[in-house]
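A.B. asks: mind folding the following:
(5 chains)
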Amino acid sequence: MSKKFGLFGGLLGLLAFAPLVFEDYGLGLMIGIVSYAILAQAWSLFSGPTRYISLATVAFYGVGAYVVAVLNEDLAYPLILLIAVGTGLVMSLAVGIATLRLAGVYFVIFSFGLAELVRQLITWYEVNVSGTLGRYIFLPFEARHIYWMLLVLAGVTFAIAWWIRNSRTGMALRVIGEDEDVASHVGINITRTKLLLFAISASLMTLVGAIQAPRWVYIEPSIVFNPTVSFLTVIMALLGGPHRLLGPICGVIPLFLLFEWLSANFPNHYSILLGGVFILIVFLLPKGVLEFVDRFRLGGAAK
Amino acid sequence: MLSLSDLSLSYGKHLALDKVSFQLAEGETVVILGANGAGKSSLLKALAGLERYSDAARITFVGDDIAKMPAHKRVDLGLSLVPEGRGLFPALSVEDNLLLGANTRNGRPREKENRDYVLDLFPKLRVRARQLVGTMSGGEQQMVAIARALMSAPKLLMLDEPSLGLAPIVVGELFETLKSIRASGVSMLIVEQNVQASLGIADRGYIMETGRIIGEGRAEDLLSDPNLQEAYLGTSA
Amino acid sequence: MTDRRRVLRTTAFAVAALTAATSLFTGQSIASADTVRIGYAVSKTGPNSAGTGITTIPNYVLWVKDVNEAGGLKLPDGSRRMIEVIEYDDRSSSEEAVRAVERLAVQDKVDFILPPWGTGFNLAIAPLMDKFGYPQLAVTAVTDMAPKFVQRWKKSFWFLGGGSDYSKALAEILGSAHKSGQINNKVAVVSVADGFGIDLIKSARPAFKEAGLELVFDKTYPLGTKDFNSLLTEAKTSGADTFVAFSYPPGTFGMAKQSKVLGFNPKVMYLGVGVGFPVFTKIMGPDVAGVMSLGGVDPNSQDFKDYAARHTAATTNSPDFWASSVTYASLQTLQQAIERVGLDRDAVAKEISTGEFDTILGKIKLEDNQLRKLWWTGQWQDGSFAAVSPNSRDGASSVVIPKPEWSQ
Amino acid sequence: MLTTSLVIGLVLGGTYALAALGLTMQYGVSRIMNLAYGEFVIVAAFATFVLVSTLGLDPLLSLLLVGPAAFVISYAVYSVLMAPLVKRSRKGGNLEIDSILVTFGLLFLIQGILLVIFGADFQSYSYLNVAVDLFGVTIAANQVLAFGLATVLGIGLFLLIRFTRWGLILRAVAHRPDNAPLVAINVDRVAQLAFAFGGMLAAQAGVVISMFQTFTATAGVVFTMKALIVVIMGGVGNFLGALIAGLILGLVEAFVSAYLDPGLTLASTYLIFLVLLLWRPQGLFGKSVS
Amino acid sequence: MTVLLQTEDLTKRFGGLTAVRGVSFTLSFGEVVGLLGPNGSGKTTLLNMISGAHRATSGQINFEGHPIQNLRPDQISKQGIARTFQLVKVLPTMTVLENTICGLAFGSSRMWGAEAEGKAMEKLHQVGLADKAKQPAATLTYIDSKRLELARALAADPHLLLLDEWLSGLTPEELQEGIKLIKSIRDAGASILIVEHIMSAIRELCPRCIVMNAGEKIADGLTGDVLQQQDVIEAYLGAPHHA
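C.D. replies: Residues are numbered from 1 along each chain as shown, chains lettered A, B, ... in the order given. Below is the predicted model of the structure:
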């Protein structure tokens, strides 16, 4: 157990040196990977065991970024982050109470609609109340600062994921995912458990948006509520396998790099290749990368 | 008309049918008896093609090998099932359910006459033709289910627990109807817990226990078979 | 036990993937000494791709073609070097745009980076361009904060003015038209709810008021709105002689078409981005006549005519009448700066900031890193989108109010 | 004012309904959550654009060409992409997730191809862009035509579904796919035909929409989203429901725009949708599972 | 004998169908009662109302003197009622031990960590699954899955155990083992309500039984007597039908 912790801590420590090794572009890649790793991990926290496909990721992510955009000139940065988490938490609780009884595709569409609704409401508010659209963030952060903050958040996220897997709540969630009837009959309050996890997951997503925001300098709703973020998160988590602790990251790394490679080398055919890769993944790796690696290994062992 | 051999079926680790074999001749009405969980429903579903079963199974129906045939084609051949839970379309009307029943090779050309026939058989359905099936009582739904199966002009009608959940008086009517269907020449394979009533209309019967056929005989003989009492009440009372 | 092994294995997998990846992405391409490497990351896909595809990319393509066909970029010593282009797709995502610029600067070590399309994206990459020391010739960015940005990022150049420039110019035109009795003082305005629309309407409100105009209808609609029947019907019944829409292309087209159908024929019709696009004339036919918008060109300028012809030949599309020629001019500015001072980026930036350049827009000189010699308002007249403001400038046409009736 | 909003809303809603009919078929009957649905609409719009601008064909005539072509293409798409997934789902796969992922890939694929062929430009042509007076409200003839086509198609579909054997079979599969084999229905085949038919409807919508809207290669997602909302509001697999839900959506937008704030039209669309989903998860006209 | 469970005039309707109609009965502390009836007679519905899976349309359920008819299943579980399911419900990807821990982590006992593991192992010993504790539950045979479900239900030391056709689907040999297992639990003093079809098992396990038909209680008494009653036999075998 402690060995695993040591390994985990060591890896994080090692990664913290990345800014000294990589130049800006490499660091930019690392930022992208780490932020998607957090998003995919946070997504899997809730959606892995419960099998709810949520497309609301960018709703929380965008709200996080917006909180920073609104407050960056008035408050101390740590306080802003705290407010961002709080906002994500309150929003997720409100949404969760209303929606967690929707099942299957209804939840999928609802969560997508939610992101759009939040975007529209913020736009309306900015236009009619605050009278600005598009806000500037001038915080004295460079890429490496953002990277380090994200790395800490990634550590926290993985620790939470690990802890939840090994905690009573985590077991409760797994039981809910496997069989809600059994869950309620062994004494699990299904609604409360789901809500708790949804809120934790959403708060983490909010933080990713809040930490990344200073990198863009200029923010408007169409920029931070880009639905692609939600979709990529889902795809990456599903590819890696949302049921495993390290599943999401195993989806994030190859996919993120693949997308990067495709867009760098085939800028004019990026969409076509991306679509093709997507379809291939579904056909070739229906259960995710880790499952595939496992099967491959087992197959090898059997020989 | 129908013969099967070596039909095995399992749900995960649980072996629900263990090498079941039997025959049914044209015009015959056969009843399958046995306690809950003996595998009777699984047998009917397997015959209808709704469950995956062992590759070794052989099923022939009116001369065709149907063991690998998908469910919808079996219905087309004249093998109709009224499943447990009735398998109706609750959001559709009685009329629509009946029309769907006639969606077979033999059923389509005889849609009109079959419709008259089943509405005579269940006069109640005539007045309820526009009603949504989901809003009807259990007994009425059972009528629709049987009527729908008859609309396909079946050669063999399989019924899974037709009296389940029905009031005793309705059960009486139901068996009267089954008797007249039998008289019309349709073969029937019935799974039923109402031993008395079902044996009353059957030619032969099989007794099942834990996925195996443990006894068979003529209907009159089975009623007094100690195996039967044992299977249901756990003792020869 | 197996659990631990799995964790170890997956960790190993992750690390291996990371290592492989970094080696894959740090493989530097070798810059050949006899070319000038110019990179850009623009939105080839996603919501911004339409605007990028009309205004930005064709001009980059055309300019590179023009330069290379002429034998390459000229350097101070008289030698010529061909341009080698490295292009990326930012997928209409800010984060991608930022990373692509990092890649261009660090990995590809390009000599110059051309800007993306859109205000937000230009701002997003500005700190990086500044950090890496690349001059940024921001064209498709309309912002009143440009003077502030110039303070912050010394090598940033802003070529398209700010929202208030355009709205003030419009207010001036409308104000004098009102005074001369051509229109009443009522104005109906709609604006798209994004940075562009809001910037313009915010500065338009006080400017209109100052010009003695009254905003009788002032509504904002969300980006992505497809149907304008309600808005136009209300504007029509508001009694205003002037209809102004600070809109984006799909909205511009939708409103133009629907106004025709509704028989909504205000004396002044001013629409936003898109009026200068080639497709607008296709949509409107002869009814483009009199429609006003941002930008404009001098219809008698031979430079522009030549440019338009080259543009059409190279990209099968004629240029848009607002930002296209400015984009091309910004590239000429860069070209001439390089010709004068070489490939040193600091020197080039300084030259752009202080020098005078001969472009298809005529001679231009930046003021405080901003191009101010722009056409603020244009109007479709005799088949071209003629500049009408500032009317004191050479080449300005006089505005036609009221505009002709719809033909049908 | 009231009639204006009413007419504008209904005409707008007609377009939404038209765009949603095909998806209702694909999702309701075939159980394929087709995220590339809007791309089918856009491809048809481009096809019409090409037919109109190069061959000088009448857009209405191209309806007859593009529709059947879309049927064939959708049929093929189902065979290649969907059928294996449907087969897999029987062995414990998850059709819903798989179809979302695959069609998401398809979305990019189609978009990419369109971008390569047509570029990112706005495309438009003019057709029937003349005023028509409808109850004292002036409106474009092409929009009225769209509304008319939506109504005709919607009602035609409703009649087809309600009064023909094929329609009955579709309803049966949409409603209780598990029970369909009991009445000799080949569910796989019906699903494939329904998907192809849905593709055809999407194409019809695309042709009609191209008559009055400017479109780009990347505009499909908007149609997918609107169609999804309409389908779910109307009750999955319910054609009349989709028609009515589309109209409601149009009316809401028109009235919010006229009486509240045009800035809130899209927000109100989503809000209505969300509230409805919470109030009646099975949709306005969906049958609750008994 | 103190009353543990008491239902009063319990009724459940599903749409138009009345699945359970006005059923009243009591179960005393330490008692083992069989609940019989043909398919569809409402036994499982009755059980589901007691465990909270269905909410009663009308009527009352008192457990240890408190009304529980309006509680959710998780709340009822915390009151000390545990159940098994007609169709075995183990959690397939979780290990046998984890499945058992589920039974005591959330309900009335709320144990966790080493303590929970110890207790769970104890229960696995009791049902004879201790050597399979680390296996995923999906790998278990049918009877072992049933055992596991029982271990999970027992884990919380419930005051009342509800068994829903726990013995059905077993082979004759397994059936004997199963009966022995439940006997051992009964002999340890548990209160159990058993829904069962297998009469031989009922005769062996339950001194008293309740018989339902068409949603109504038709008999309640000593098992031997009840199974002699003519209406009970008719409920099972059907009335002799004379055409």
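A.B. asks: okay, which residue is most central for chain C?
C.D. replies: Central residue of chain C (Cα atoms, centre = their mean): C:Thr140, 2.5 Å from the mean position.
A.B. asks: report the contact partners of that residue.
C.D. replies: Neighbouring residues of C:Thr140 by Cβ atoms under 8 Å, 6 or more residues apart in numbering or on different chains: C:Gly51, C:Thr55, C:Thr56, C:Pro115, C:Trp117, C:Gly118, C:Thr119, C:Asn122, C:Leu160, C:Ala323, C:Thr327. (C-beta placed from N, C-alpha, C; glycine too.)
A.B. asks: could you dump these to a markdown table with pLDDT?
C.D. replies: Listed next are the contacts of C:Thr140 as a markdown table, based on pLDDT from 0 to 100:
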| residue | pLDDT |
| --- | --- |
| C:Gly51 | 85 |
| C:Thr55 | 90 |
| C:Thr56 | 93 |
| C:Pro115 | 95 |
| C:Trp117 | 92 |
| C:Gly118 | 87 |
| C:Thr119 | 85 |
| C:Asn122 | 91 |
| C:Leu160 | 92 |
| C:Ala323 | 91 |
| C:Thr327 | 95 |
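A.B. asks: so which of the residues you listed are in helices?
C.D. replies: Using DSSP state H, the subset of those located in helices is C:Gly51, C:Thr119, C:Asn122, C:Ala323, C:Thr327.
A.B. asks: from those residues, which two are the most distant?
C.D. replies: C:Thr119 and C:Thr327 (14.4 Å; Cβ to Cβ).
A.B. asks: more neighbours, the two?
C.D. replies: Per other Cβ atoms under 10 Å in any protein chain shown, whichever of C:Thr119 and C:Thr327 has more neighbours is C:Thr327, with 28 against 22.
A.B. asks: doesn't C:Leu62 make contact with that one?
C.D. replies: No: with contacts counted by Cβ atoms under 8 Å, C:Thr327 stays clear of C:Leu62, the gap being 9.4 Å.
A.B. asks: output the worst-scoring helix or strand of chain E on mean pLDDT in PDB with nothing but the alpha carbons.
C.D. replies: Of the helices and strands making up chain E, the lowest-confidence element is helix E:230-237, at a mean of 74, by mean pLDDT, DSSP states H and E. C-alpha atoms of helix E:230-237 as PDB (Å, rounded to 0.1, in the frame of the first residue of the first chain):
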ATOM      1  CA  GLN E 230     -59.300 -28.000   0.400                       C
ATOM      2  CA  ASP E 231     -59.100 -24.400  -0.800                       C
ATOM      3  CA  VAL E 232     -55.300 -24.500  -0.600                       C
ATOM      4  CA  ILE E 233     -55.100 -27.600  -2.700                       C
ATOM      5  CA  GLU E 234     -57.500 -26.100  -5.200                       C
ATOM      6  CA  ALA E 235     -55.500 -22.900  -5.300                       C
ATOM      7  CA  TYR E 236     -52.500 -25.000  -6.400                       C
ATOM      8  CA  LEU E 237     -54.000 -27.700  -8.500                       C
END
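A.B. asks: wait, is D:Ala202 part of a helix?
C.D. replies: Yes: assigned with DSSP: H, G, I helix; E, B strand; the rest coil, D:Ala202 falls within a helix.
A.B. asks: before we move on, the earlier item: what's the overlap in contacts for C:Thr327 and C:Leu62?
C.D. replies: With Cβ under 8 Å, 6+ apart, C:Thr327 and C:Leu62 have no common neighbours.
A.B. asks: could I get the full set of strands for the chain?
C.D. replies: This is for chain A. Assigned by DSSP state E, the strands in chain A fall at A:135-136, A:218-219.
A.B. asks: the chain in question should be chain D.
C.D. replies: Under the criterion DSSP E, strands of chain D are mapped to D:131-134, D:137-140.
A.B. asks: tell me which of those sits most buried.
C.D. replies: strand D:137-140 (a mean of 20; mean count of other Cβ atoms under 10 Å in any protein chain shown).
A.B. asks: show me what it is packed against.
C.D. replies: If you count contacts as 3 or more Cβ pairs under 8 Å, 6 or more residues apart in numbering or on different chains; DSSP states H and E, strand D:137-140 packs onto helix C:249-262, helix D:2-28, strand D:131-134.
A.B. asks: just checking, what packs against the last one?
C.D. replies: To tie it back to what came earlier, the one meant is strand D:131-134. Applying 3+ Cβ pairs under 8 Å, 6+ apart, one finds that strand D:131-134 contacts strand D:137-140, helix D:141-163.
A.B. asks: measure A:Leu12 to A:Trp43 for me?
C.D. replies: Going from A:Leu12 to A:Trp43 by Cβ to Cβ, to the nearest Å gives 21 Å.
A.B. asks: typo on my end, E:Gly59
C.D. replies: From E:Gly59 across to A:Trp43, the span is 45 Å (Cβ to Cβ).
A.B. asks: check E:Arg110 too.
C.D. replies: Applying Cβ to Cβ, the value for E:Arg110 to A:Trp43 is 30 Å.
A.B. asks: of those two, which one has the most company?
C.D. replies: A:Trp43 (29 against 13).
A.B. asks: contacting residues around the more buried one?
C.D. replies: Contacts for A:Trp43 (Cβ under 8 Å, 6+ apart) come out as A:Ser54, A:Thr57, A:Ser201, A:Met205, A:Thr233, A:Val234, A:Ala237, A:Pro242, A:Pro248.
A.B. asks: cool, D:Asn129 as well?
C.D. replies: Contacts of D:Asn129 by Cβ under 8 Å, 6+ apart are C:Lys257, C:Lys260, C:Val261, D:Ala140, D:Ala141, D:Asn142, D:Phe212.
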